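**Student:** Give me a model of this one.
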Amino acid sequence: MKTISIPIIPVNQVFAKVNESHALNHEAICVFIALGFFLEADSFFKDEQVLQPGKSYVLDSERNIQSEVSNFNWYYKPRDISFSTALDEFTDLFETIVKEQTAENRVILPLSGGLDSRSQAVALKHIKADVQSYSYSFAGGFKEHKISEQIAKACGFDFDALIIPPNYLWDVLEDAATINKCYSEFTHPRQMAVLEKFKMMQGEFSLGHWGDVLFDRGIASKDANVSELDLIYKKVIKKGGLDLAKALWVSWNLEGDFESYLKTRIQKLLDQIDISHKGAKIRAFKSLFWAPRWTSVSLSFFQAAHPVHVPYYDDRMCQFICEIPEEYLADRKLQIAYIKNRNPKVAAIPWQDQMPYNLYNYHKNKAPYNLPYRIKNKLERKTEDLLGKKYIQRNWELQFLGKENDEKLRNYLYKPEFLNLVGKDLVDDFYNKFKTDDAVFYSHAISMLLTLSVWNKNYKKI
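**Tutor:** Numbers count the residues shown, from 1 in each chain. A predicted model of the protein is given here:
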């Protein structure tokens with residue numbers, strides 16, 4: 001017998017066996033298609049489950065689950081403390097976690113134009129860590145690395161600007177499938193485009209994932225009267241994913257209808273979270289089911305190069321969040337105050353979500369203050385359009401658009417063994433909608449069909 005304890009937000013999926021037949025879990029796959037991640041303990045097969053966050057399990061020698069016990073349940077019990085006290089506590093905790101994880105190793109730090117990695121940069125600068133930083137931008141897209149480079153310069157870090165080229169997916173697709181076992185789609189992880197460059201770097205990754213969920217309001221103020229189920233449903237359903245999941249549900253002759261099945265499951269999971277505060281409950285739901293089954297799966301691409309550390313995943317950080325008043329978390333207040341307090345130079349660098357403003361003046365990102373920037377930005381886009389340059393905003397545009405990409409895509413979507421699984425009429429329908437109706441809306445559906453095709457080729461018979 002072996003006891004395994006799963007962290008509150010685990011970095012890795014741990015699989016175990018249950019007493020079911022080794023058959024495809026069609027219902028779970030439909031959920032995977034709609035959301036982009038498997039829900040709860042689901043996997044591709046009925047007899048395989050993923051061990052759940054915050055629980056300890058006893059497994060036998062064949063990895064069969066013998067027992068389980070809960071070690072942590074998300075809660076919301078805000079302490080009566082001042083914002084200043086909350087900031088001091090966050091500062092101490094965050095920098096302690098970062099220092100422990102760094103352990104005097106060289107740190108590889110991905111930088112973006114946002115706040116999570118910026119907070120890490122400030123902490124790493126404060127503890128005097130040895131840092132190799134980098135950022136990437138799409139070829140023909142927003143030059144995010146320009147902001148990141150400013151952050152690196154202000155902190156005195158080494159910096160590399162990496163450009164994500166078009167058409168890279170097809171050369172690395174099979175390697176990507178080996179890394180993530182097809183538990184997330186392949187068009188989002190830009191890391192595969194630069195994996196060999198990662199391997200040449202020295203150090204261990206410090207990643208800022210999930211900071212934007214823990215350190216922001218659980219729900220928008222305008223959604224205060226929206227039901228918890230509707231909030232989650234609206235958040236997790238991907239454009240085009242619902243349509244494809246419904247079509248597969250019918251194709252596989254599953255009982256009932258997909259939407260009713262999914263909503264019932266989500267409501268059941270919500271009911272298990274004993275939190276009355278709506279925003280805190282939504283944050284807990286995301287941390288329980290979204291982070292481990294989507295965000296963490298993507299970490300495997302970093303792990304293919306070097307060990308990873310995720311400060312915001314630390315158990316102590318999760319427990320800290322449960323006791324901080326929602327108003328202090330809302331609108332990134334704690335992170336913004338931390339950066340301004342620890343490193344004013346970094347705070348003065350533009351915030352990508354609030355361009356061209358920074359952490360001191362982002363409240364001006366509204367009319368009429370932001371009109372000059374918006375007009376200039378729009379004119380630049382129109383100029384590029386007139387010159388025949390396509391502005392890249394999404395990773396799938398690099399992978400699916402153009403003749404060469406289309407040939408590679410069709411090669412996977414129309415493999416005979418895959419058509420036997422999902423049906424040629426279904427593939428025709430969604431491929432044609434992507435090509436002729438609304439590429440943005442149906443891009444997720446096409447990406448999930450590609451993922452399922454690769455899985456069907458590599459793992460279905462295992």
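**Student:** any idea how far the residue nearest to R79 when sequence neighbours are not counted is from D80?
**Tutor:** For R79, ignoring the flanking residues on the chain, the nearest one in space by Cβ to Cβ, 6 or more residues apart in numbering is E323 at 5.0 Å. Quick note: C-beta positions are derived from backbone N, CA and C, even for glycine. From E323 across to D80, the span is 10 Å (Cβ to Cβ, to the nearest Å).
**Student:** Need the pLDDT of K143.
**Tutor:** K143 carries a pLDDT value of 66.
**Student:** Same check on D42?
**Tutor:** pLDDT, D42: 97.
**Student:** I'd say it and L35 touch.
**Tutor:** No. Between D42 and L35 there is no contact under Cβ atoms under 8 Å: 10.4 Å.
**Student:** Restricting to C-alpha, output stretch 291-299 in CSV.
**Tutor:** The C-alpha trace of stretch 291-299 is given here as CSV (Å, rounded to 0.1, in the frame of the first residue of the first chain):
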residue,chain,number,x,y,z
ALA,A,291,-6.2,25.1,-12.2
PRO,A,292,-5.3,21.4,-11.7
ARG,A,293,-6.8,20.1,-15.0
TRP,A,294,-5.9,23.0,-17.4
THR,A,295,-3.3,25.3,-16.0
SER,A,296,-1.2,22.6,-14.5
VAL,A,297,-1.3,20.4,-17.6
SER,A,298,0.3,23.3,-19.5
LEU,A,299,3.1,23.4,-16.9
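**Student:** More neighbours: E323 and D80, which one.
**Tutor:** E323 (14 against 6; other Cβ atoms under 10 Å).
**Student:** who's in contact with the more buried one?
**Tutor:** K77, P78, R79 (Cβ atoms under 8 Å, 6 or more residues apart in numbering).
**Student:** Output the residues you listed in CSV; the columns should cover pLDDT, distance to T85 and neighbour count.
**Tutor:** Listed next are the contacts of E323 as CSV, based on pLDDT from 0 to 100; distance: Cβ to Cβ, whole Å; neighbours: other Cβ atoms under 10 Å:
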residue, pLDDT, distance to T85, neighbour count
K77, 97, 16, 10
P78, 97, 12, 16
R79, 97, 9, 11
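**Student:** Could you tell me which of these are located in strands?
**Tutor:** Per DSSP state E, strands hold no members of these.
**Student:** out of those residues, which one sits closest to L371?
**Tutor:** P78 (39.0 Å; Cβ to Cβ).
**Student:** shouldn't that closest one be in contact with I324?
**Tutor:** Yes. Here P78 reaches I324: they are 6.3 Å apart, a contact under Cβ under 8 Å.
**Student:** residue ranges of the strands in the stretch 201-350 of the chain, please?
**Tutor:** Using DSSP state E, counting those that start in this stretch, the strands of the stretch 201-350 of the chain run over 204-206, 308-309.
**Student:** who wins for proximity to P356 among these?
**Tutor:** Taking the strands of the stretch 201-350 of the chain one by one with Cβ to Cβ, strand 204-206 is closest: 27.8 Å.
**Student:** Parallel or antiparallel, which strands does the closest one pair with?
**Tutor:** Strand 204-206 sits in its sheet next to strand 107-110 (parallel), strand 308-309 (parallel), going by DSSP bridges.
**Student:** Give me the average confidence score over the first one.
**Tutor:** What it means is strand 107-110. Here the average pLDDT along strand 107-110 is 97.
**Student:** For that strand, give me every contacting residue.
**Tutor:** For strand 107-110, using Cβ under 8 Å, 6+ apart, the contacting residues are 117, 120-121, 124, 129-135, 157, 198, 201-208, 306.
**Student:** mind redoing it with 6 Å?
**Tutor:** L124, A129, V131, Q132, S133, M201, G203, F205, S206 (Cβ atoms under 6 Å, 6 or more residues apart in numbering).
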